[in-house]
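**Q** How does the following fold in three dimensions:
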Amino acid sequence: MLLPEGGPRVVNVGLELFAAELTALGVPVSPLDWRPPAGGDARLAALLVRLDARRDAIERANAEALARLTGGTPVLVDCRPAREALELADRTVLHAGPPIAWERMCEPMQAAILCAIRYEGWAANADAATALVTRGAVRLEPCHHHRAVGPMTGIVTPSMPVFVVENRAYGLRAHATINEGLGKVLRFGATDDSVIARLNWLATEAGPLLGAALRASGGIDLRALMAQALRMGDEMHQRNLAASALLARAVMPGVAKVGGRHHAVARLAEFIAGNDQFFLNLAMAAGKALADPASGVADSTLVTTMARNGTDFGIRVSGLGERWFTAPVNMPQGLYFPGYGEGDANPDMGDSAIVETIGLGGLAMAASPAVARFVGAGGMSAALAVTEEMREITTGEHPHFRIPTLDDRGAPVGIDIRLVVETGITPLINTGIAGRKAGVGQVGAGVVRASLGSFTAALEALAG
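**A** Numbering: from 1, shown residues only. The predicted structure follows:
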């Protein structure tokens, strides 16, 4: 047998051991990263085959769901108390993530709920607040069930002001609270008097001022703002520096026009300027306003919600409506603030993964290499690799959210449960890290992988 000129050249499929041996012998090897579908799980592979028989119908449904997901026009139109914007009933507390019983909640979420009850004046202390919850005198429900999203613990109560984002292409609204800023804050489970004082200021001064300015302005186009921020190095989950600055530029002239009280405008301007993550809550509300229209498309395998509550990770899938599919939530990996380490961290929580659901956050890491380094995932090459990996589990590219470092290519969007199960690649989510003990607050920042079990459960239901 004649060998090719220059000797043998090998393509190695799968196991790296063979490639390593050949390389040691000086044989050129081209590795091919191949894995059996569904990790070699015969049952899951059979479900994928069953769905493949409906491929044409699924692809048509996914094209419709993706068009809805990417074609919305989210506009920030108002800021008003949740009791008005959401018609939120008294003695109701909303939380992040899928539904969960009080007894299964993590300590930071329980602490945040008790603090919120004190803030509302329904109880004088934590013991009295606990008694209200345990006897059912306070209702606990997910934000997602009330057209809302919340970061980390995600707490919303009736008197808290919420931003109102209207998807004018589809005539629906989504809501999120005002970002509290840095330090000890309710969303990370902090509960001291400074937390309640800040919530009171947001409700009595900042919220009404923002609401008046937004109503007078006619609204702010968030899709255009987010697209611009993406070009400026934000990915809208862990980094919102550009988006917050662009929002301040858009909203502060209106605030100045309607602000009549002594120093109120200055206090609000200082608060926004000192909070690089101010836009996060708005990115989340925009994400929900964009994702909700994609729900309920029969046969679609696209994910419309990802959320965590510190105990469970949950998804909702377009073709399966509002049904939740949950699995134990993962621990984030990343960098910790001085004095803290992995032993101090709580499992991941928050509705903020709605940002990844619409193609931003971890999916758009290539637009924000500074984030990759900040969360301990590496630099530019790592950021590019993450976004390319996410293309393996998505069905399209975003027509509006484009990434300059990829020659203006659209961010990967449209997470497909079939592709997640087939490849074993789960969405990468940028996230903050909360302390596992009540009152500690944020201890770091990092990334977390979505729980594969949620996707396999949804696949089983869809293939059923």
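
**Q** Break the protein down into its structural domains.
**A** According to the domain assignment given by automatic domain parsing, the chain is divided into the following structural domains: 1-33, 45-65+295-463, 74-286.

**Q** Ok, which of the ones you listed comes nearest residue 39?
**A** Residue 39 lies closest, by CB to CB, to one member of the domains of the chain: domain 45-65+295-463, at 5.0 Å. Quick note: C-beta positions are derived from backbone N, CA and C, even for glycine.

**Q** Averaged pLDDT, that closest one. What do you get?
**A** Across domain 45-65+295-463, pLDDT averages out at 94.

**Q** Residue ranges in the stretch 101-250 of the chain under the pLDDT threshold?
**A** Counting by pLDDT under 70, the stretch 101-250 of the chain contains no low-confidence segment.

**Q** all strands for it, in order.
**A** Counting by DSSP state E, counting those that start in this stretch, the segments of the stretch 101-250 of the chain that form strands are 139-142, 161-167, 172-177, 220-221.

**Q** Am I right that residue 352 sits in a strand?
**A** No: with DSSP: H, G, I helix; E, B strand; the rest coil as the criterion, residue 352 is coil rather than part of a strand.

**Q** That one contacts residue 279, doesn't it?
**A** No: with contacts defined as CB atoms under 8 Å, residue 352 does not count as touching residue 279, sitting 11.9 Å away.

**Q** ok, these two, which is more surrounded?
**A** It is residue 352, of residue 352 and residue 279, that has more neighbours when counted by other CB atoms under 10 Å, with 32 against 28.

**Q** so what's the closest residue to that one other than its chain neighbours up against?
**A** Once its chain neighbours are removed from consideration, residue 352 has its nearest residue in residue 151; the separation is 4.9 Å (CB to CB, 6 or more residues apart in numbering). Contacts here follow CB atoms under 8 Å, 6 or more residues apart in numbering; on that basis residue 151 touches 96, 176, 179, 187, 280, 281, 284, 350, 351, 352, 432.

**Q** Save those as CSV, and put in distance to residue 445 too.
**A** Conversion of the contacts of residue 151 to CSV gives the following (distance: CB to CB, whole Å):
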residue, distance to residue 445
96, 17
176, 20
179, 15
187, 14
280, 12
281, 17
284, 16
350, 12
351, 17
352, 12
432, 5
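
**Q** what's the closest of the residues you listed to residue 120?
**A** When the contacts of residue 151 are compared for distance to residue 120, the smallest value, 16.4 Å, is given by residue 187; criterion: CB to CB.

**Q** Next up, the contacts around that closest one.
**A** Residues touching residue 187, when contacts are defined by CB under 8 Å, 6+ apart, comprise 112, 150, 151, 152, 153, 154, 155, 180, 350.

**Q** Out of these, which sit inside helices?
**A** Restricting the contacts of residue 187 to those inside helices, with DSSP state H as the criterion, leaves residue 112.

**Q** Tell me how many other residues surround residue 46.
**A** Neighbour count of residue 46, defined by other CB under 10 Å: 12.

**Q** element containing it, please.
**A** For residue 46, the element it lies in under DSSP states H and E is helix 42-52.

**Q** Then residue 334?
**A** When secondary structure is defined using DSSP H and E, the element that contains residue 334 is strand 333-336.

**Q** Quick check: chain neighbours aside, which residue is closest to residue 214?
**A** Nearest-residue entry for residue 214: residue 78, 5.3 Å, with adjacent residues in sequence omitted and distances by CB to CB, 6+ apart.

**Q** Confirm that that neighbour sits in a strand.
**A** Yes: remark: residue 78 belongs to a strand, assigned using three-state DSSP.

**Q** mind checking how far it is from residue 206?
**A** Distance of residue 78 to residue 206, computed by CB to CB, to the nearest Å: 14 Å.

**Q** what does residue 315 give?
**A** The separation that residue 315 has from residue 206, given CB to CB, amounts to 33 Å.

**Q** Compare these two (neighbour count), which wins?
**A** Set side by side, residue 315 and residue 206 show unequal neighbour counts under other CB under 10 Å, the larger going to residue 315 at 28 against 20.

**Q** The more buried one is in contact with residue 306, isn't it?
**A** Yes: applying CB under 8 Å, one finds residue 315 in contact with residue 306, separated by 5.3 Å.

**Q** Determine the residues that are contacts of both of these two.
**A** Shared contacts of residue 315 and residue 306, defined by CB under 8 Å, 6+ apart, comprise residue 450.

**Q** What does residue 304 show for phi and psi?
**A** Here is the backbone geometry of residue 304 (degrees, to the nearest 10): phi -110, psi -10.

**Q** For it, give me its contacts.
**A** With CB under 8 Å, 6+ apart, residue 304 has these contacts: 65, 69, 291, 292, 294, 295, 316, 317, 318, 357.

**Q** Repeat that for residue 319.
**A** With contacts defined as CB under 8 Å, 6+ apart, residue 319 is in contact with 61, 297, 298, 299, 300, 301, 462.

**Q** Dihedrals phi and psi, it?
**A** Residue 319 has phi and psi values of phi -70, psi -10 when expressed as degrees, to the nearest 10.

**Q** Adding distance to residue 39, write the domains of the chain out as JSON lines.
**A** Shown next, in JSON lines, are the domains of the chain (distance: least, CB to CB, whole Å):
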{"stretch": "domain 1-33", "distance to residue 39": "13"}
{"stretch": "domain 45-65+295-463", "distance to residue 39": "5"}
{"stretch": "domain 74-286", "distance to residue 39": "25"}
